[in-house]
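Q: dropping the sequence and predicted coords here.
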2 protein chains.
Amino acid sequence: MAEVAKLAGVSVTTVSHVINGTRPASDATRRAVQAAIDRTGYRPNTLARALARGGTQSLGLAISGLSNPYFMDVVAAVEDAAGRAGHTLLLGDTREDPEHELRIVRTLAERQVDGLLLAPSVGALETTLPWLESAEVPVVLLDRFLDVELDQVGCDNEQPTARLVEHLIDVGHTRIAMAIGIPGLSTTDERVRGYRMALDQAGVPFDPTLLADGGSQRDQAREAMHALLDLDQPPTAVVSGNNFMTIGLLRALNERGLRVPDDIALVAFDDFEWADLFAPRLTVIRQPTTELGSRAVELLLSRLEDPTRPVRTERLEATFVHRDSCGCTGSSRAAHAAV
Amino acid sequence: MAEVAKLAGVSVTTVSHVINGTRPASDATRRAVQAAIDRTGYRPNTLARALARGGTQSLGLAISGLSNPYFMDVVAAVEDAAGRAGHTLLLGDTREDPEHELRIVRTLAERQVDGLLLAPSVGALETTLPWLESAEVPVVLLDRFLDVELDQVGCDNEQPTARLVEHLIDVGHTRIAMAIGIPGLSTTDERVRGYRMALDQAGVPFDPTLLADGGSQRDQAREAMHALLDLDQPPTAVVSGNNFMTIGLLRALNERGLRVPDDIALVAFDDFEWADLFAPRLTVIRQPTTELGSRAVELLLSRLEDPTRPVRTERLEATFVHRDSCGCTGSSRAAHAAV
DNA sequence: CTGTTAGCGCGTTCAG
DNA sequence: CTGAACGCGCTAACAG
């Protein structure tokens, strides 16, 4: 930069100002500076600028399960929204582990991100969040809700899950199992509540043995499904708590030679882009993932603009997508004839 | 930091050194400093450190199609590998557009990333790469190969695609269409070469009308498939150039009421995690995506360590996964009975 | 409209 | 084993 200044015959101050348009400059000097910049191949050092200005124009995203297509849509949306606002995205995977999450969040904060998007793991309330509060980093929570004074965005879980279960009951099922995610996550707890609510309202007795811990993960869900099938009275229908577990459940059913929906019905939380193209065509709840990501960024940006604004919690609506895996079309053949 | 120094009764120099373990210090002072750090809640400013040291411990990843599950696995692997090495990941989507790609790469470089991973778009050779060279940013190319003096990692494309086509020919197909990606991408070109090679070797005449431009994208592939079906002599088999296009092709077939593999065979480049669980069970080429990401990071790190090391180009092996969508099991019923 | 100067928070020579 | 002083590259008063 000093080089540019010398070459343009002006001071570094002027260079800085023409670069940032921070204050008026004569056409002549502006051109001179521009020319010098071009000739030297000068490129600004964002770090130095951030250090001087106290603001990095960057956002951190701490999330788990990057390989989960659901979260990837979120990441894509966040990257896009952040980019539009002139911010760069720093990415970290929490691994759903509070210890690791804290390390990630810490790293991000030490890199002076202007704000942080976090999908808090179970345990965040005792580790990450206290730290974040004392560090005074602007945060918005993503996907999972927590009982804290922070901006939060997520989806409705209870009612949609109830809808899924109701539907199975309508078709005639009474032994309905559910593969649930990590206990303690608001998403998990709310979905379980929705499940129970639907049972209650239909007068179907709740059987705890039908609630299988799938740990939000594929392989664990697979094992859970096998256990369910080993029950004296195995379920005639399953509801999956998220997309990862859906794969695991199906793998287990596959290993047992059971067909969906003929031998067992399956409905799931989380849609797949291709879900209507393959058999069994899954009946699911679809979350507005893209909107989730972009809303979260908007909330964060607005908080950066006005740190005193009261916190806001937003529930996005999820939609019921009716296909064939619930087995209610009558013709199970229809499901198999897909594509 | 000054605060910590005062509280510990030492100089900032000492604080810096005990933090970094840069030089010996008496147990007493070390403890004093540590105590002061704990009490002040001091957290290091990575930016200032980077500015002083000239090195950010951060890597940039510029890639397109974040919503593509294939690339997401890569992102996950890169994040993991980078994290292990103590680096933070800065993420940017190139949108497969050289202009935007340049902006992304520039932003990343101005943020002083130590190195950059890039999946170059078509046109990068004229825009991004010259800039990167003059900016002297360490780079490793990802997924797509280019004729430049840079480290590169990607998969084998030609032979695997040929394998796919050979297989279709073995089953008796001769009118084999292919949905191809963006022309100019090495992945596209190599896959097309593989396609032609297999035809040649089998003595099947090459018909250019069967080569449909799917633009690496879902919707474009869908339209391309419709066009193929409108041909006087429509194909009896299709090979998809990547996973995005596979979805598009299937959507078109679905819209026509055509079943795979009964009415038309389909094989594809890129596997899906769930591909063996749904019908039609896709016969595909699987890329080692995780390995791709981690190898790329390793290459980049080794380059940072030794900038003079000769460039290396690595081809990872892709594997042929035989399932039912090729229609060669004889019993097409088997395909539909899945799950 | 422009230049001088003092930091931003830290690492790192040099002297002790 | 420890401290003082300078500089990383840039912005922002404060003068002029």
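A: Everything's here; your move. Numbers count the residues shown, from 1 in each chain, chains lettered A, B, ... in the order given.
Q: and residue A:25, how many neighbours?
A: Residue A:25 is flanked by 17 other residues according to other CB atoms under 10 Å in any protein chain shown. In this view, the C-beta of every residue, glycine as well, is placed from N, C-alpha and C.
Q: could I get the contacting residues of it?
A: If a contact means CB atoms under 8 Å, 6 or more residues apart in numbering or on different chains, then residue A:25 has A:14, A:17, A:18, A:33 as its contacts.
Q: can you do 10 Å?
A: Residue A:25 makes contact with A:10, A:14, A:15, A:17, A:18, A:31, A:32, A:33, according to CB atoms under 10 Å, 6 or more residues apart in numbering or on different chains.
Q: with residue A:107 instead?
A: A:60, A:62, A:90, A:92, A:113, B:46, B:57, B:58, B:83, B:86, B:87, B:88.
Q: ok, so of those, who is nearest DNA strand C?
A: residue B:46 (7.9 Å; CB to the nearest atom of the strand).
Q: surely residue A:226 meets residue A:255?
A: Yes: Residue A:226 lies in contact with residue A:255 (CB atoms under 10 Å); the separation is 7.6 Å.
Q: ok, the two, which is more surrounded?
A: Between residue A:226 and residue A:255, counting by other CB under 10 Å, residue A:226 is the more crowded of the two (17 against 12).
Q: that older thread, of the contacts of residue A:107, just the buried ones, ChimeraX syntax please.
A: A single ChimeraX command is used to select the members of these judged buried by 16 or more other CB atoms under 10 Å in any protein chain shown:
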select /A:60,62,90,92,113 /B:46,57,58,83,87,88
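Q: from the contacts of residue A:107, which land in strands?
A: In strands, defined here by DSSP state E, the members of the contacts of residue A:107 are A:60, A:62, A:90, A:92, B:58, B:88.
Q: can I get these in JSON lines with distance to DNA strand C and pLDDT?
A: Output for the ones in strands among the contacts of residue A:107, formatted as JSON lines (distance: CB to the nearest atom of the strand, whole Å; pLDDT from 0 to 100):
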{"residue": "A:60", "distance to DNA strand C": "18", "pLDDT": "98"}
{"residue": "A:62", "distance to DNA strand C": "21", "pLDDT": "97"}
{"residue": "A:90", "distance to DNA strand C": "18", "pLDDT": "98"}
{"residue": "A:92", "distance to DNA strand C": "20", "pLDDT": "97"}
{"residue": "B:58", "distance to DNA strand C": "15", "pLDDT": "97"}
{"residue": "B:88", "distance to DNA strand C": "16", "pLDDT": "97"}
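Q: between which two of these is the distance greatest?
A: Farthest apart among the ones in strands among the contacts of residue A:107 by CB to CB are A:62 and B:58. That separation is 15.4 Å.
Q: low-confidence regions, chain A specifically.
A: A:330-339 (pLDDT under 70).
Q: which bits of it sit near DNA strand D?
A: Within reach of DNA strand D by CB under 7 Å from any atom of the strand, chain A has these residues: A:1-2, A:12-13, A:16, A:19-20, A:22, A:42, A:44-45, A:48-49, A:51-53.
Q: just the buried ones from these?
A: Here, 16+ other CB under 10 Å leaves A:1, A:16, A:19, A:42, A:49, A:51 buried among the residues of chain A next to DNA strand D.
Q: does the last one sit in a helix or strand, and which one?
A: If I follow you right, that is residue A:51. Here residue A:51, judged by DSSP states H and E, is contained in helix A:46-53.
Q: distance of residue A:219 relative to chain B?
A: For residue A:219, the distance to chain B (CB to the nearest CB, to the nearest Å) stands at 12 Å.
Q: that residue should be in a strand, yeah?
A: No: Residue A:219: not assigned to a strand; according to DSSP: H, G, I helix; E, B strand; the rest coil it is helix.
Q: wait, it sits on residue B:273?
A: No: using CB under 10 Å, residue A:219 is not in contact with residue B:273; the gap is 11.9 Å.
Q: quick one, phi/psi of residue A:312?
A: When read as degrees, to the nearest 10, the backbone of residue A:312 gives phi -130, psi 140.
Q: got JSON lines for the ones in strands among the contacts of residue A:107, with distance to residue B:323 too?
A: Formatted as JSON lines, the ones in strands among the contacts of residue A:107 follow (distance: CB to CB, whole Å):
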{"residue": "A:60", "distance to residue B:323": "41"}
{"residue": "A:62", "distance to residue B:323": "37"}
{"residue": "A:90", "distance to residue B:323": "39"}
{"residue": "A:92", "distance to residue B:323": "36"}
{"residue": "B:58", "distance to residue B:323": "41"}
{"residue": "B:88", "distance to residue B:323": "39"}
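Q: sounds good, over and out.
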